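take a look and give me a structure for this.
(chains A and B)
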2 protein chains.
Amino acid sequence: MLVRTTHPGNIGAAARAMHTMGLAHLVLVSPLQFPHPEADARATGATALLTAAKVVATLNDALEGCALAIGLSARPRAFAGRVMAVREAAREAVARTGDGDVALVFGTEMSGLSNDELARCGIASTIPANPDYPSLNLAAAVQVAAYELRVACGEGCVWRAPHFAAASHDDVEALYVHAEKTLAGMRFLNPAHPKRLMARLRRLFGRAGLEHEEVNILRGILARIDQLVSRRPR
Amino acid sequence: MLVRTTHPGNIGAAARAMHTMGLAHLVLVSPLQFPHPEADARATGATALLTAAKVVATLNDALEGCALAIGLSARPRAFAGRVMAVREAAREAVARTGDGDVALVFGTEMSGLSNDELARCGIASTIPANPDYPSLNLAAAVQVAAYELRVACGEGCVWRAPHFAAASHDDVEALYVHAEKTLAGMRFLNPAHPKRLMARLRRLFGRAGLEHEEVNILRGILARIDQLVSRRPR
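Take a look at the predicted model:
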């Protein structure tokens, strides 16, 4: 997934990079210019990926139904979840393919993913780079990540049939929405400064990798708290 | 080393790819057009590599004094020497740096290295790719090879997630005791069959590996629920 890409040439080059590594499903979130002749030119033999690309308005739309989102970021300072080098993240992605679609999310050429966009991802992944000049071209970053995915697939990574069904991205996001509301309702969370607590909870549950049944249990607890809160105090 | 590169933009993009991975010495063998504004444009912050680039007439000139040359090739059919995937070749390159300069050699955009050029190399290296479309852009191939060199150098982790203190065993057990009491108090947990729910919660938090601060947050939430429960219903 490419988020708010500025230069259509980079979209084409990213499609080519994906195709060289056998990846097919390109999602464009609010691209500045697309379709565009420059995208076609840079895609060379991979124009089929551009034709088939899904264009959506928001990252939430793009992530709907995904089992796991991995956000690429040079310096995920504000990210509360797990941070992995791209090699490790690729292995995790391959291990999770049994759960459903895994998305790799890339931000803009100038500033990458915003903190809010990265917070939608279960894992933040960095590409090891020169600390004095870590600015890989967008398509180059796609190339490295796609390459690591391909190598991870070939390394005999087990197709892990999960013992329990993983929760979908949508279910987990709905859980956080519910939790924020309930925690505010019980006056545990300060609505003026909700971010830190929610970020900590995202980090905790992101690390665990929530299962479908666990989301149900947690939402059941939240619903019961909602009932308690709705009683008037003496 | 880039041999007979056709498009100056690719030279610039290759310089950028090198610089992102901390490589500095670019050698151009008989480039079609260089210097060129398109090379400067695509190099962005890495124009210093272009200024310092050595331009020579033949690959033999370029390889003079090198301890090892590794030729990148999609299909080194005619090559008589050792063929390695780029990850293995990068490790070999790092192992040989004590012997002198190690060169990575890239051919033209259209046809790569000729058999004669590849024969000048001690090792032929391939980048794992989609067999139906293995044609990485030149700068993308440079990016992957430079990335593997950087990882092989052991600089694989430039960004470390902030370290948080793990919770002690006793703290975690006390959390479970508190949670069981609270969940029973709020009539979410059936005291006749408490085991299954607590086992599920243990499984979830055990997988995450709780941190000290997270235990405090969760106990804070439980304590707030205890207050809500202690109010009498209307």
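
please count neighbours and contacts with C-alpha atoms only from this point.
Noted.

of all the helix elements in chain A, which one is longest?
Counting residues, the longest helix found in chain A (DSSP state H) is helix A:212-230.

pLDDT score for A:Phe188?
With respect to pLDDT, A:Phe188 has a value of 89.

for it, helix, strand, or coil?
Using DSSP: H, G, I helix; E, B strand; the rest coil, the structure places A:Phe188 in coil.

enumerate every residue touching it.
By Cα atoms under 8 Å, 6 or more residues apart in numbering or on different chains, the contact list for A:Phe188 reads B:Ile221, B:Arg224.

repeat for A:Phe106
A:Met1, A:Leu2, A:Val3, A:Gly71, A:Leu72, A:Ser73, A:Gly112, A:Leu113, A:Leu138, A:Val142.

6 Å - rerun?
The contact partners of A:Phe106, by Cα atoms under 6 Å, 6 or more residues apart in numbering or on different chains, come to A:Leu2, A:Val3, A:Leu72.

of these, list those near chain B.
Among the contacts of A:Phe106, no residue sits close to chain B (Cα under 6 Å from any Cα of the partner chain).

I'd say A:Leu183 and A:Leu189 touch.
Yes: A:Leu183 is in contact with A:Leu189 according to Cα atoms under 6 Å; the separation is 5.2 Å.

near chain B, which residues of chain A? Just list them.
A:20-22, A:83, A:128-130, A:133-134, A:140, A:144, A:207-208.

so which of those residues comes closest to chain B?
A:Ala208 (4.0 Å; Cα to the nearest Cα).

per-residue confidence for that closest one?
If you check A:Ala208, the pLDDT there is 79.

doesn't B:Leu210 make contact with it?
No: here A:Ala208 does not reach B:Leu210: they are 9.6 Å apart, not a contact under Cα under 6 Å.

looking at these two, which one has more neighbours?
B:Leu210 (22 against 18; other Cα atoms under 10 Å in any protein chain shown).

so how far is chain A from the more buried one?
Distance, B:Leu210 to chain A, by Cα to the nearest Cα, to the nearest Å: 8 Å.

show me what contacts that residue?
B:Ala167.

same question for A:Thr47.
Applying Cα under 6 Å, 6+ apart, the residues contacting A:Thr47 are A:Asp40.

ok, now with 8 Å
With Cα under 8 Å, 6+ apart, A:Thr47 has these contacts: A:Gly12, A:Ala15, A:Arg16, A:Asp40.

could you do A:Ala165 as well?
Contacts for A:Ala165 (Cα under 8 Å, 6+ apart) come out as A:Asp99, A:Glu211, A:His212, A:Glu213.

which one is the second one nearest to, not counting chain neighbours?
Read it as A:Glu211. Closest residue to A:Glu211 apart from its sequence neighbours, by Cα to Cα, 6 or more residues apart in numbering or on different chains: A:Ala166 at 4.0 Å.

so what does that neighbour have for phi and psi?
phi -70, psi 150 (degrees, to the nearest 10).

wait, isn't it in contact with A:Gly98?
No: using Cα atoms under 8 Å as the test, A:Ala166 is too far from A:Gly98 to be in contact (9.3 Å).

and the least confident helix or strand in chain A by mean pLDDT, which residues are buried?
The helix or strand of chain A with the lowest confidence, counting by mean pLDDT, DSSP states H and E, is helix A:195-208 at a mean of 84. For helix A:195-208, burial by neighbour count (16 or more other Cα atoms under 10 Å in any protein chain shown) applies to A:Leu197, A:Met198, A:Ala199, A:Arg200, A:Leu201, A:Arg202, A:Arg203, A:Leu204, A:Phe205, A:Gly206, A:Arg207, A:Ala208.

run a quick neighbour tally on the nearest residue to the third one once chain neighbours are set aside.
This means A:Ala199. Of all residues not flanking A:Ala199 in the chain, A:Ala80 sits nearest, at 5.6 Å (Cα to Cα, 6+ apart). By other Cα under 10 Å, the residues close to A:Ala80 number 25.

for A:Ala80, which three-state class applies?
At A:Ala80 the chain is in coil, as set by three-state DSSP.

assign a three-state SS to the spatially most central residue of chain A, would you?
Central residue check for chain A by Cα atoms, centre = their mean: the C-alpha nearest the mean position is that of A:Ala69, 2.6 Å away. Classification of A:Ala69 using three-state DSSP returns strand.

hmm, it is touching A:Leu118, no?
No: contact between A:Ala69 and A:Leu118 fails when scored by Cα under 8 Å: they sit 9.3 Å apart.

could you check how far the residue nearest to A:Ala199 is from B:Gly100?
44 Å (Cα to Cα, to the nearest Å).

A:Ala166 and A:Gly98: which is more packed in?
A:Ala166 (22 against 17).

any idea how far that one lies from A:Gly100?
In terms of Cα to Cα, A:Ala166 sits 9 Å off from A:Gly100.

now for the two: what residues contact both?
The contact lists of A:Ala166 and A:Gly100 share A:Ala67, where a contact means Cα under 8 Å, 6+ apart.

phi and psi next, for A:Ala80.
Torsion angles, degrees, to the nearest 10, at A:Ala80: phi -90, psi -10.

rewinding a little: just the buried members of the contacts of A:Ala165?
A:Asp99, A:Glu211.

could the contacts of A:Ala165 go into JSON lines alongside pLDDT?
JSON lines is the format used below for these (pLDDT from 0 to 100):
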{"residue": "A:Asp99", "pLDDT": "82"}
{"residue": "A:Glu211", "pLDDT": "89"}
{"residue": "A:His212", "pLDDT": "88"}
{"residue": "A:Glu213", "pLDDT": "89"}
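
okay, now the domains of chain A?
Per the record, chain A has its domains at A:2-154, A:169-230, by automatic domain parsing.

please identify the deepest-packed of these.
domain A:2-154 (a mean of 21; mean count of other Cα atoms under 10 Å in any protein chain shown).

quick check: end-to-end length of that one?
Terminal-residue distance, domain A:2-154 (Cα to Cα): 25 Å.

starting at the chain centroid, how far to that domain?
Put simply, domain A:2-154 sits 9 Å off its chain's centre (Cα atoms, centre = their mean, to the nearest Å).

low-confidence stretches in chain A?
Low-confidence segments of chain A (pLDDT under 70): A:155-164, A:194-195, A:232-234.

helices of that one, start to end?
Listed in chain order, the helices of chain A (DSSP H) span A:8-20, A:37-43, A:47-52, A:59-63, A:86-95, A:115-119, A:138-154, A:169-185, A:195-208, A:212-230.

for the fifth one, packing partners?
Right, the one you point to is helix A:86-95. strand A:123-126, helix A:138-154 (3 or more Cα pairs under 8 Å, 6 or more residues apart in numbering or on different chains; DSSP states H and E).
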